[in-house]
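Visitor: Based on what follows, work out the 3D shape:
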Amino acid sequence: MDKLSAVFAALADPTRRAILARLADGDATVNQLAEPFPMSLQAVSKHLKVLEQAGLITRGKDAQWRPCKLEAAPLREISAWAEQYRRFWDERYDRLDTYLKDLRPGPKPPSEGEVR
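Guide: Below is the predicted model:
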């Protein structure tokens, strides 16, 4: 699986997105991350493994405390991938806006640069 697909697959799960949201506030242990979820530590660890394999988190090695840390680079890659479609959608919205203005009854507002 390519890297972008792995990141999308990891982000597809709401529990993993919630874990990332928590890590955006700072590093946390598995116990801290598991706290709000009605699941076992083993289940949370499996989610963390998926996030780690996708490059979205790293786990430290501070004696017995292994804090998890958010890694933002893959999220920037997702953002850059989605950004390439912004122009497409902006053009579509502009055309829709023009179409909806043309549908309005009554006098039409002046176009840009047009003086009435």
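Visitor: how about the residue lying closest to Gln32 once chain neighbours are set aside, what does it touch?
Guide: Spatial nearest neighbour of Gln32, excluding adjacent residues (C-beta to C-beta, 6 or more residues apart in numbering): Arg22 at 7.9 Å. Bear in mind the C-beta positions are built from the backbone N, C-alpha and C, glycine included. Residues near Arg22 by C-beta atoms under 8 Å, 6 or more residues apart in numbering: 28, 32-33, 36.
Visitor: most surrounded residue in the residues you listed?
Guide: Neighbour tally across these (other C-beta atoms under 10 Å): the maximum, 22 neighbours, falls on Leu33.
Visitor: Can I take it that that one is in a helix?
Guide: Yes: looking at Leu33 with DSSP: H, G, I helix; E, B strand; the rest coil, it is inside a helix.
Visitor: Correct me if wrong: it contacts Ile19.
Guide: Yes: assessed by C-beta atoms under 8 Å, Leu33 is found in contact with Ile19 at 5.5 Å.
Visitor: ok, now how distant is the residue positioned nearest the centre of the chain from Pro105?
Guide: Nearest to the geometric centre of the chain sits Leu75, at 6.4 Å (C-alpha atoms, centre = their mean). Distance of Leu75 to Pro105, given as C-beta to C-beta, to the nearest Å: 46 Å.
Visitor: Likewise for Ala80?
Guide: Ala80 is 43 Å from Pro105, by C-beta to C-beta.
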